[in-house]
Structure formats: structure tokens, C-alpha cells
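Novice: here is a sequence with its predicted model. Questions after.
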Amino acid sequence: MKRPGVRITDVAALAGVSAGTASKALNNTGQLSQETRSRVRRAAAQLGFTPDARGRALSSGRTYTVALLTTDSSGRFSIPIMRGVEDVLSAGELATVLCDTRDDPLREQSYLRTLVARGVDGIVVTGRRTEPRPPIDVPLPVVYALAASTNPADASVIVDDAAGAAATITHLQGLGCTRIAHITGPAHHRSAAERAEAVAAALCTEPLFGDWSERWGRQATDLVLREHPDAITCGSDQIARGVCDRLRELGRSVPDEIAVTGYDNWPVMALASRPPLTTVDLRLEDLGRRAASLLLEAIAGTPHHGVLELPAQLVTRESTLGA
């Protein structure tokens, strides 16, 4: 807490610098050495001094606020991404504002006008789908997370879905599985198509496309059992949980008779499944951290251009390894 009566001049005197230098060090502006910045910050901490946010904004021309613009009303994807964004931004004392467009273009435009008018420092754009989206038209630094911008000059951070799906196949083959089926979501969804293509490339097998639901997982299980698989990979944890439920109803042991894998590492599904699912973690918080770092670089005048693809991570559990 800021002590009553402590001023920037007190911090400057303790650090042995001018008031202007102290202000630059605390606001992370100016051409100062790291040693000087650290000395001023130590002095401020010792005195319990916190810069006034309004004064900081006026002196720097910034609001130290970043917006996270999302179409993901449920928060399934945007909340983990926001946690990652805040991990990075909070270190620089920046605030994050969440704006949910609810997949409504008019609401999105309204938010953008408001954000520009309020002078936010930048925007991270994300959503619940991975299809590339049209870029937003604002005079601000922007980074796209999870779904890339259709403009190749924009900065985008996405997940390498193909490698994640391929990792499940490598894992199952390492366990000795040779007859592997694949059940996934709608064929017109980029995430389902990319994961299915990676599986097909490794196995030369045709995927079953359907819905992102447990119900579809149960229905599709009856279809793939005609091929006598020893493993079933799924395009989502919801589908995989449905598969496990149906196999249990039929008296088939998971993984002793048939191993099952999911995708997303959604705790609500992956950990509640019986047995818990081996799955692929999208590492959404890492995605958010990387997007925030790129945004800070853009705000500082060194923007990134193009698509950055981050690796997913295989998480092994009882649905392939057993108890």
C-alpha cells in the first residue's frame, strides 16, 4: 500500500536519480539501463510507493488496458487463454478486459468502437473455433489466438492440431494397438478435419464424422465395433467419454480390450470419464501467454507477422494405460 505523503521525489532521492528518471523507470519508458530501473523500483518498494494510474496514463499516452475479444460465450476456450494473457500482462501492471461478442458481428463492431474510443493499448482476438477469421479493422495492435487471421501479415498464434492427433496414434501403436478407429466431430470444422487427416495419414483409415457430443460417441461406437478395433481415437473428450460409456454398457473393458483417447484435455470430461481419458492438451494458457507477449512487442513498436504454431501435449491416463 502507498504510504501517505510518499511522492515520486522521495523515490528519486532514495534511488539517487532525478524525479524524471524515476518516473520513466516506474512507467517503463525512456532509454534507461536495467540497473537504474531496478534501483528505482527497489526504492519505490521500500517506500511503499505506487504510481498513480491516471498520471501514468497521461504521461505515457497509454491506458495500460488490453481487451480480449472472444466469440466463446461459455468460456471453454477463452477463459484459459485469458489466464495466460493475464499472467504476462499483470507483470507489466496491465489490466485485461473480456468482451464477449456472442458470435454477433454487430456486437463485435460495437465493442470495437468502444475499445478504440477508450484507447485500449491492444486487442487479443480469440473464439471457440479454429477456422481462420477475417481481421478486425482497428488502429491498434492486434494478435489472434486459437483462430488465425485470414490476413497473413497479421500476428496469429494457433495450436498444431495435426501433430497432437498424430501423437495419440504413436502412443497407441507403442502400446501394441494395430486396429485403430477414429470418431470425430463435424467434417466442416477445421479442428475435426485436421485431426482426422493426421489420423488417416498414419493409419490409412476413414474417420467417422458427426457431432461434438457424448451421444455421437455412443452411437458411433456401435458402428466402429463392426471392424473389431483394439483402439478408438476421438476428436474430442466429449466424444471419447460417450465411447467409454457405450463400451462399458456392452461389457467391453477399457483399455484391456479397447483403448480410448480423447482430445482437448477438458477436465469436466477427461477426468470425469470412466476410466479417465488419455487425451491431448491444447495448452491454452501457454497460447494466451504467447499471444500476450506478441501483443506487448507490437505495442512497443516491434510487431510480429504471420502464424505461429504451438505444440499440443499428450496426457496419458487410465483409458490407455490401465489402472
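Specialist: Nice, I can see it. This structure is a prediction, so every number in the text was calculated from the model and none was measured.
Novice: hey, which helix or strand in the chain has the poorest pLDDT?
Specialist: helix 53-60 (a mean of 52; mean pLDDT, DSSP states H and E).
Novice: okay, now the sheet partners of the next helix or strand after that helix, with direction.
Specialist: Downstream of helix 53-60, the first helix or strand assigned by DSSP states H and E is strand 65-70. Here strand 65-70 has these sheet partners by DSSP bridges: strand 95-100 (parallel), strand 122-126 (parallel).
Novice: now the residue nearest the centre of the chain, nearest residue through space, not along the chain?
Specialist: Nearest to the mean C-alpha position of the chain, counting by CA atoms, centre = their mean, stands Leu284 at 2.8 Å. Once flanking residues are discounted, Leu284 sits nearest to Pro80: 3.7 Å by CB to CB, 6 or more residues apart in numbering. Heads up, the C-betas are built off the backbone N, CA and C, glycines and all.
Novice: confidence score at that neighbour?
Specialist: Pro80 carries a pLDDT value of 96.
Novice: helix or strand for it, just tell me which one.
Specialist: Counting by DSSP H and E, Pro80 is found in helix 78-89.
Novice: for that helix, buried residues please.
Specialist: 78-82, 84-86, 88-89 (16 or more other CB atoms under 10 Å).
Novice: tell me the angle it makes with strand 122-126.
Specialist: 150 degrees (axes from the mean of the first three to the mean of the last three CA atoms, to 10 degrees).
Novice: which strands or helices does helix 78-89 pack on?
Specialist: When contacts are defined as 3 or more CB pairs under 8 Å, 6 or more residues apart in numbering; DSSP states H and E, helix 78-89 sits against strand 65-70, strand 95-100, strand 122-126, helix 284-299.
Novice: make TSV out of the ones you listed and add mean pLDDT and distance to Thr205.
Specialist: Converted to TSV, these look like this (pLDDT from 0 to 100; distance: least, CB to CB, whole Å):
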stretch	mean pLDDT	distance to Thr205
strand 65-70	96	35
strand 95-100	94	39
strand 122-126	98	32
helix 284-299	96	29
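Novice: could the ones you listed go into CSV alongside distance to Thr233?
Specialist: Shown next, in CSV, are the helices and strands packed on helix 78-89 (distance: least, CB to CB, whole Å):
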stretch, distance to Thr233
strand 65-70, 29
strand 95-100, 32
strand 122-126, 26
helix 284-299, 21
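Novice: quick one: low-confidence residue ranges for the protein.
Specialist: The model of the chain has pLDDT under 70 over residues 1-5, 28-29, 51-61, 92.
Novice: where exactly do the helices run in it?
Specialist: 8-15, 19-26, 34-47, 53-60, 78-89, 105-118, 161-174, 190-203, 214-224, 237-249, 267-270, 284-299, 318-321 (DSSP state H).
Novice: contact partners of the longest one?
Specialist: Contacts with helix 284-299, where a contact means CB atoms under 8 Å, 6 or more residues apart in numbering, come from 62, 66, 77, 80-89, 92, 121-124, 126, 141-146, 155, 157-159, 303-304, 308, 310.
Novice: next: the fifth one.
Specialist: Under the criterion CB under 8 Å, 6+ apart, residues 66, 68, 70, 72, 95-96, 98, 100, 124, 126-128, 145-146, 284-293, 296 lie in contact with helix 78-89.
Novice: next: the second one.
Specialist: Applying CB under 8 Å, 6+ apart, the set of residues contacting helix 19-26 from outside is 8-9, 11-12, 15, 17, 30, 32, 36-37, 39-41, 43-44, 51, 56, 59.
Novice: okay, domains of the protein per the record?
Specialist: Domain segmentation of the chain under the TED database yields 8-60, 65-159+283-311, 161-282+315-321.
Novice: so what's the gap between stretch 149-168 and the chain middle?
Specialist: Chain-centre distance of stretch 149-168: 11 Å, with CA atoms, centre = their mean, to the nearest Å.
Novice: what sits against Glu318?
Specialist: Contacts of Glu318 (CB under 8 Å, 6+ apart): 255, 275-276, 278.
Novice: thank you kindly, that will do.
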